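**Student:** Next one to model:
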Amino acid sequence: PSPSGRGAGGEGEDLHFSEHLACPEHGTTIPEVEPRTFSFNTPQGACPDCQGLGSKLEIDPDRIIPDRDLSLDEGAIASMEWSGPKVEGGYYWQSLVNACKTFKIDMNKPVRELTKEQLDIILYGTGDRQIQMTYQSAGGNEFKFSRAFEGVITNLERRYRETNSDYIREKIAEFMSDRPCPSCQGKRLNPAALAVTVDGVNIVEANSWHVLKTLEWIKKLSGKNSPLSAKQKKIAERVLKEIHERLTFLVNVGLEYLTLNRSATTLSGGEAQRIRLATQVGSRLVGVLYVLDEPSIGLHPRDNARLLETLKGLRDLGNTVLVVEHDDETIREADWVVDLGPGAGEHGGQVIAEGTPKQILAHPKSLTGQYLSGRKQVPVPKKRREGNGKSLKIVGASANNLKRIDVSIPLGKLVCITGVSGSGKSTLMSDILYNALAAKLMGARTQAGEHERIEGVEHLDKIINIDQSPIGRTPRSNPGTYTGLFDEIRKLFAELPESKVRGYKPGRFSFNVHGGRCEACQGQGELRIEMQFLPDVYVPCDVCHGKRFNRETLQVLFRDKYSIADVLDMTVDHALEEFENYPPMKNKVKLLQEVGLGYIRIGQPATTLSGGEAQRVKLSKELSRRATGRTLYVLDEPSVGLHAADVHKLIEVLQRLVDAGNSVLIIEHNLDIIKVADWIIDLGPEGGDRGGKLVAEGTPEQVMKVKGSYTGQYLREHVK
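**Tutor:** Numbers count the residues shown, from 1 in each chain. Below is the predicted model of the structure:
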């Protein structure tokens, strides 16, 4: 054609040219591709509907009506104001009654028997169609008007959006679930970003693989048989090298089972720390002091060796690596060990020994050396328990990476779930078993992971998760209040002659209510000074000087020398001596001592207790309960943060729980705990996609004979 686009005869075709990236067939254009195109945190890459979140929080009908065998009149709707006329003049309940009358919905019929149309009216309302409403107020006045029925779910979603009350929002959130965004199906990116592929794979697919699979793909792209052209390989060379190195670091710190798109909030403390460690290895800095707090948390003994190689690699670059650790192997591989002690709390704080691991092993006063050398050790039980003959059976467990496995958990025994990192232990115990039984036995609103069914639930009446979360979130909570010991102490003080003369009751000796507490600090013992843009500063109260009680209350003395503040400041060991002749208190204090907490103070604020200490306070409370033999205790790595001597005490406590007729199920990597278990459930063989299978189950002796079990292999060496 001529420049005008016409042929000599005045006829021809128009040629259209575009400056944009466009599809010649469909005419679709996309903006120029740049790094931010592939980020769900930028407007250029994010799905416009969910703003890159990949999910939307929606009211879940199954949470609104958890039991469909109930009728509306019996309270089938779990949301309180819709569940029945509990409050006179309840508007929402009355509007539901009006809607049911209009559409002839039987409120005495089980929800399961209602038609889909009837259920849709109850949950989603009548839209724009108005119905006749009759409303009776709490004062007995009757009002008649026409209005559309909003529907339970529509109403809760509107109130969730509009309310300014955190309390209301939290209550409604209990009935909500994250649902994948309908536009991007949970992929978080817009169609333009998802259309770009390398080797037929878009960025979301590559991110959904576990680290090891992604590493293999990167090797393929940069290898001889690469699907990339020579020019593309040259362009991508530096980027591929960088990705290869970073993925290798993650493999070396034992995280090959993680997927790259895993949410940071779902990582354990140990995993997050090892990711930061991999970042540091990649930076190749020199002359740096690295401080790590228990990097071996959550690692199977098999994965420990690679972590140690990474730490040595940091050292060999010319850095100093300072590690706080209880793991035997890490201590043995150290160049220098500093052993603190001799006890914990006020009984510690001294350097007991320092030197090479060999010198520590030979040191007579080092408790660490005694356990490392085998002079002290946790004995293997002469006989394993037979249990009570009953069991729980999880059938078809398939959540996350589990491969539709069937697992039997014998009851009346100490049962250990083992396996390499990422093999599916937490998914099996927490996501499936705990969530399912907590909902069934305790009425909790928990969503269980995918499984077919759980058999044998009738043998239990309670499941209790003893985790390392704080026993309280404010300084007002302490071991004394949590275990009920403080109630007994207050009763004792109220019985003293001086209290009777003054007419003091137990409430007088509480720092949470008016009367006996110091009103200047409201029983806190300290005052908060707001520092505007800096963190708040706490200073001791200048009226009570940190004692939390007023002068009159402190004048009542136990044994003529201890005020209520003095008793709260006592260590558990000291309190045991003082309360020797007072059984209600002695029993509770003795249990705290037996779980290895003799050094903590009765009134020590909950916010200052470590995770391990909080867990042991919970254990002592459970030991004080009367055993029914129908309770299952679950613990996820209770040995975290514990020295070998503390692990020894923990084992004795767990054995006592089982001896009382209870069942204990724990996830554990610590070989001292695994070897004393009555039964082991070993998952694996690897982590991530290559895990999720039942590798072995049985007594420790039986698991040691299974060739494919890493746990059995390390257990054999440990028991030797």
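
**Student:** rest of the way, CA atoms for contacts and neighbours
**Tutor:** Fine.

**Student:** State the phi and psi torsions of residue 21.
**Tutor:** Backbone torsions of residue 21, given as degrees, to the nearest 10, read phi -80, psi 110.

**Student:** Surely it and residue 30 touch.
**Tutor:** Yes: judged on CA atoms under 8 Å, residue 21 makes contact with residue 30 at a distance of 5.7 Å.

**Student:** Tell me which residues touch residue 646, please.
**Tutor:** Residues in contact with residue 646 (CA atoms under 8 Å, 6 or more residues apart in numbering) are residue 596.

**Student:** typo on my end, it should be residue 485
**Tutor:** Shown in contact with residue 485 (CA under 8 Å, 6+ apart): 479, 585, 588, 589.

**Student:** same check, this time on residue 461
**Tutor:** Counted by CA under 8 Å, 6+ apart, residue 461 has contacts 441, 630, 631.

**Student:** For burial, what's the neighbour tally of residue 543?
**Tutor:** Number of residues near residue 543 (other CA atoms under 10 Å) recorded here: 17.

**Student:** Which of the three states applies to it?
**Tutor:** Of the three states, residue 543 takes coil under DSSP: H, G, I helix; E, B strand; the rest coil.

**Student:** gap between the residue lying closest to it once chain neighbours are set aside and residue 536?
**Tutor:** Excluding the flanking residues, the one nearest residue 543 by CA to CA, 6 or more residues apart in numbering is residue 520, at 6.7 Å. According to CA to CA, to the nearest Å, residue 520 stands 18 Å off from residue 536.

**Student:** what does residue 152 give?
**Tutor:** Counting by CA to CA - residue 152 and residue 536 are separated by 43 Å.

**Student:** Who has more neighbours out of those two?
**Tutor:** Each of residue 152 and residue 536 has its neighbours counted (other CA under 10 Å); residue 152 has more, 24 against 10.

**Student:** For the more buried one, give me its contacts.
**Tutor:** For residue 152, the contacting residues are 82, 122, 123, 124, 125, by CA under 8 Å, 6+ apart.

**Student:** per-domain residue ranges of this structure.
**Tutor:** Split into domains by automatic domain parsing, the chain comes to 57-180, 395-470+625-719, 479-607.

**Student:** Where does the prediction get shaky in the stretch 501-650 of the chain?
**Tutor:** Applying pLDDT under 70 to the stretch 501-650 of the chain picks out no residues at all.

**Student:** Could I get the full set of helices for the stretch 201-350 of the chain?
**Tutor:** With helices called from DSSP state H, counting those that start in this stretch, the stretch 201-350 of the chain shows them at 203-208, 211-222, 230-252, 269-283, 301-316, 328-333.

**Student:** a markdown table please, covering those and showing distance to residue 472, mean pLDDT and mean neighbour count.
**Tutor:** Below are those laid out as a markdown table (distance: least, CA to CA, whole Å; pLDDT from 0 to 100; neighbours: other CA atoms under 10 Å):
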| stretch | distance to residue 472 | mean pLDDT | mean neighbour count |
| --- | --- | --- | --- |
| helix 203-208 | 37 | 94 | 16 |
| helix 211-222 | 38 | 94 | 18 |
| helix 230-252 | 35 | 92 | 15 |
| helix 269-283 | 20 | 81 | 17 |
| helix 301-316 | 33 | 89 | 18 |
| helix 328-333 | 32 | 94 | 17 |
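
**Student:** Which one, of the ones you listed, ends up nearest to residue 410?
**Tutor:** helix 301-316 (25.7 Å; CA to CA).

**Student:** Send me the closest one as CSV with only the CA atoms.
**Tutor:** In CSV, the C-alpha atoms belonging to helix 301-316 read as follows (Å, rounded to 0.1, in the frame of the first residue of the first chain):
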residue,chain,number,x,y,z
PRO,A,301,18.0,-34.3,64.6
ARG,A,302,18.5,-35.1,60.9
ASP,A,303,18.1,-31.4,59.9
ASN,A,304,20.4,-30.2,62.6
ALA,A,305,23.6,-31.1,60.8
ARG,A,306,22.8,-28.7,57.9
LEU,A,307,22.0,-25.9,60.3
LEU,A,308,25.3,-26.4,62.0
GLU,A,309,27.2,-26.3,58.7
THR,A,310,25.5,-23.0,58.0
LEU,A,311,26.5,-21.5,61.3
LYS,A,312,30.1,-22.8,60.8
GLY,A,313,30.0,-21.2,57.3
LEU,A,314,29.1,-17.8,58.9
ARG,A,315,32.0,-18.3,61.3
ASP,A,316,34.5,-19.2,58.6
